[in-house]
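A.B. asks: sequence and predicted structure are below.
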Amino acid sequence: MNETWNLLGWNDKLQAARQAHDKEWTPARIVLEHKHMYRVLDEHGELLATPSGKFRQHGNFPAVGDWVLVDARHEEGKATIHALLPRKSKFSRNEAGVVTKEQIVAANVDYVYVVMALNQDYNPRRLERYLLAAYDSGAVPVIILSKGDLCSDVEEKLLEVEAIAPGVDVHITSAVDRRGVDAISNQLTAGITAAFLGSSGAGKSTLVNMLYGKEIQLAGDIRKDDGKGRHTTTHRELIQLPGGGMIIDTPGMRELQLWDQRQSGMSAAFSDIEALGDACRFRDCTHRNEPDCRVQQAVESGELEAERLHSYFKLQRELQYLDTKSSAKAQLEQRKQFKQLSKHVKQVKKRR
């Protein structure tokens, strides 16, 4: 394998997948995407890439962080994308709007860094939502509590976060004294990719600048009344750090709409509730009105916060609704395809 590809995250599984395609196509990684126009990076440098006509027909367009096979034309500074290689991880959300559609925020990441500021942005319930999606991404979730210098009760909030995310690494950072930055930098070794996710004003761009060693991302001002910031990062972009690691910086999300999260993600994000549920009298206990419910007993005794259980129920309802909506959409698409097929068969019979 080429050393440049290794630094970009190339591995043996990708090498094996490459063998099924044209040997003339070369690997490249997506570093920027804008309306199906891409900037890719291969062993010789950056290229402006567009999907081939055949590739477009499949409709499975690449996302930032993806590995693709391209026909590179370095003399022109351009390339044509012919194939998308298998992903080892992807962080997805439901695309904003009324349409139920997957939007891949970042692909092929090793870590999902959930960034939450320790000012008015601090919200444990939102953190639970991000963790649920992060567990399902296939990457390792890490929590970054930024702006530690603006918080008077850091240790209290740290204990609260550790309680809802047992086993997850938590870093407290500050732009004032660079607290926590070195610990994060040590995780981002050569070939490792991390996606930075969080709401507007959480401090993602400031953190990226500190990790890089100079200002490469614009950092916006924060409104004093609500602690929210502007969308200073307007697109997803893969950034190579001087130390060898890579970061996918993403625009701030006002709200993360979940996408097709599995039960395993719920179990990981709410492992404390799942563990309590194992001790309920009934195996199918819903933790609402059943007798001898260990979860409700934990709420009554103060062992479990009522708000956390409420969040658990809310996310379950949301995922059930999304599953129903997706199933209805699939059935509608099936009926549409059946009608088109029936129409085609009738036309063929008429010609005979």
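C.D. replies: Yes, it's here.
A.B. asks: for the residue nearest the centre of the chain, which non-adjacent residue is closest in space?
C.D. replies: Nearest to the geometric centre of the chain sits F91, at 2.6 Å (CA atoms, centre = their mean). Distance criterion CB to CB, 6 or more residues apart in numbering; nearest residue to F91, sequence neighbours excluded, is S137 at 4.2 Å. In short, each C-beta sits where N, CA and C put it, glycine included.
A.B. asks: and for L47?
C.D. replies: According to CB to CB, 6+ apart, the nearest residue to L47 is A79 (4.2 Å).
A.B. asks: neighbours around that neighbour, how many?
C.D. replies: Neighbour count for A79, taken as other CB atoms under 10 Å: 25.
A.B. asks: run through the bridge partners of it.
C.D. replies: Taking DSSP bridges, one obtains A49, A72 as the residues bridged to A79.
A.B. asks: distance of it relative to L241?
C.D. replies: According to CB to CB, to the nearest Å, A79 and L241 sit 24 Å apart.
A.B. asks: now do L118
C.D. replies: Taking CB to CB, one finds L118 at 24 Å from L241.
A.B. asks: neighbour count winner among the two?
C.D. replies: Higher neighbour count among L118 and L241: L118, with 25 against 19, using other CB under 10 Å.
A.B. asks: show me the contacts for the more buried one.
C.D. replies: By CB atoms under 8 Å, 6 or more residues apart in numbering, the contact set of L118 is L145, S146, K147, G148, L150, C151, V154, K157, I172.
A.B. asks: tabulate those in JSON lines, adding columns for distance to M266.
C.D. replies: Converted to JSON lines, the contacts of L118 look like this (distance: CB to CB, whole Å):
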{"residue": "L145", "distance to M266": "23"}
{"residue": "S146", "distance to M266": "27"}
{"residue": "K147", "distance to M266": "30"}
{"residue": "G148", "distance to M266": "30"}
{"residue": "L150", "distance to M266": "32"}
{"residue": "C151", "distance to M266": "29"}
{"residue": "V154", "distance to M266": "29"}
{"residue": "K157", "distance to M266": "24"}
{"residue": "I172", "distance to M266": "27"}
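A.B. asks: show me those that map onto strands.
C.D. replies: Using DSSP state E, the subset of the contacts of L118 located in strands is L145, S146, I172.
A.B. asks: now flag whichever of those is closest to R29.
C.D. replies: Distance to R29 across the ones in strands among the contacts of L118 (CB to CB) is lowest for S146, with 27.3 Å.
A.B. asks: and the closest one, what are its bridge partners?
C.D. replies: A117.
A.B. asks: that one is in contact with S205, isn't it?
C.D. replies: No - using CB atoms under 8 Å as the test, S146 is too far from S205 to be in contact (10.7 Å).
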